[in-house]
Each structure stands twice: as C-alpha cells, then as structure tokens.
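**Student:** whatever this is, show me its structure:
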Amino acid sequence: MTFGDPESPSWLVRRANDNSPTLSRDEERVLSALPREHATDVRRLRVTAKLSEEEIKAIVGILNAAGLAEAVEGLRSAPVFRITAEGLEHPQYIRFGRRAPASRLPVQSDRVRMVLQTISVRIRDLGGLTQISRRSINALMQYLKRKELVAKAGLEFDAPYALTVQGRAVLAEMTFRQAA
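**Tutor:** Numbers count the residues shown, from 1 in each chain. Next up is the predicted model:
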C-alpha cells in the first residue's frame, strides 16, 4: 500500500496498483459537493465547498481534465457542472457528503410549467386550456417573453407563441425536477 502526501491534511490509503489520481483536500471537497442528479453552477459549489470562486473554477478545471467531473452549458450559457461515473467511483468521493443544490431556474411555478407545456396554441386558447384568467395569462406571457422563454412563431398579429431553445430547456428541467 502507498500513502498520501504527509504534508496534505487528508491522508489516503490505497492499493499499490490503484492509479486513480490523489486529490488535495479542497479537490476532494469540491468532488464530493458535485451533485449526481443535476448540474450546478460555480456559485452554489462555492457555498457548499466553502472556497472562493477562483479556487472552485481552478479545481473544477482539474476535475474535468481528470474525467471526474463534466461541464455543460447551463440555461443562461454559463457553465454548470456535474460528477461523472468515474468521479462517483473515486476512492476520495464522500458518498454521504453535502451536495450543491441545483442551479436556480429562471421560472419555477407549476402554473408556468403548465403554460410552457401547452404553449403552441394561441394566447386566447391558452387561458381556457390552463384554467388561467385571460388577464392573468396575458401578464404571464409578457413575463415569459421578458425571460426569453417564449416568442411569437410568426410575424402575424395573432401568430401563436412557441417555446424558445431556452424555454424548452427550462421546461425539460422543470419536468425532470417535478418527477424526482
């Protein structure tokens, strides 16, 4: 057996033929804070691992290069991170540690999710399908347009609304979180 660096605050006992990279204490904290079920952003990792944003960015880069974490594009084009299968199997991964929460969605209510699910109809029909008053549905559609989740599907005045790419991503994430 070989032992970790005695200068490091975290010792690791491992088999001689184990080639997994030895992580520093901070790298171990960030790896263990990465969630399995969803991706999270640097800000939430910073709070969970209690490190600075610069340290988190550097450590996530190291974990990405080692194949223990992966970066994907988030809803607002900012990178979000999650642990990989290899990261879950790493000997320094703390299985029952505190995980970073999911990144906040731009919208969250069940009412918004219901509207996004039925968005391909005209606004006058949407209120009847969702049981939301016409005045309220008009305000909600303006809100969703400002959030860039919906857009008119055509140039006509009464053209139906359609989900944007970001709107589809938000709907998928909302549906996934509701099912979990």
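**Student:** relative to L68, how far out is R29?
**Tutor:** 13 Å (C-beta to C-beta, to the nearest Å). Just so you know, the C-beta spots here come from the backbone N, C-alpha and C atoms, and that holds for glycine as well.
**Student:** if you count surrounding residues, which of the two has more?
**Tutor:** Neighbours were counted for R29 and for L68 using other C-beta atoms under 10 Å; L68 has more, 26 against 23.
**Student:** quick check: closest non-adjacent residue to that one.
**Tutor:** Nearest-residue entry for L68: G87, 3.6 Å, with adjacent residues in sequence omitted and distances by C-beta to C-beta, 6 or more residues apart in numbering.
**Student:** for the helix or strand hosting L171, buried residues please.
**Tutor:** If you go by DSSP states H and E, L171 is part of helix 165-179. When burial is assessed from 16 or more other C-beta atoms under 10 Å, helix 165-179 yields the following buried residues: Q166, G167, A169, V170, L171, E173, M174.
**Student:** how near is the residue nearest to the spatial centre of the chain to L155?
**Tutor:** Centrality entry for the chain: nearest residue to the mean C-alpha point is A39, 3.2 Å, by C-alpha atoms, centre = their mean. As judged by C-beta to C-beta, A39 and L155 stand 36 Å apart.
**Student:** circling back: can I get the host helix or strand of the residue nearest to L68 as CSV, trimmed to CA atoms?
**Tutor:** Here G87 is covered by helix 85-89, with elements defined by DSSP H and E. What follows is helix 85-89, C-alpha atoms only, in CSV (Å, rounded to 0.1, in the frame of the first residue of the first chain):
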residue,chain,number,x,y,z
ALA,A,85,-19.4,7.9,-13.3
GLU,A,86,-15.7,7.9,-12.8
GLY,A,87,-16.0,10.6,-10.2
LEU,A,88,-18.6,8.6,-8.3
GLU,A,89,-16.1,5.6,-8.1
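**Student:** and that helix, what's buried?
**Tutor:** G87.
**Student:** rewinding a little: these two touch, right, the residue nearest to the centre of the chain and A102?
**Tutor:** Yes. If you go by C-beta atoms under 8 Å, A39 and A102 touch, sitting 7.3 Å apart.
**Student:** what's the local residue count around A139?
**Tutor:** 12.
**Student:** and whichever strand or helix holds it, what's its mean pLDDT?
**Tutor:** Taking DSSP H and E as the criterion, A139 maps to helix 134-146. Averaging pLDDT along helix 134-146 gives 84.
**Student:** buried stuff in it?
**Tutor:** Those would be I137, L140, M141, L144, for helix 134-146 by 16+ other C-beta under 10 Å.
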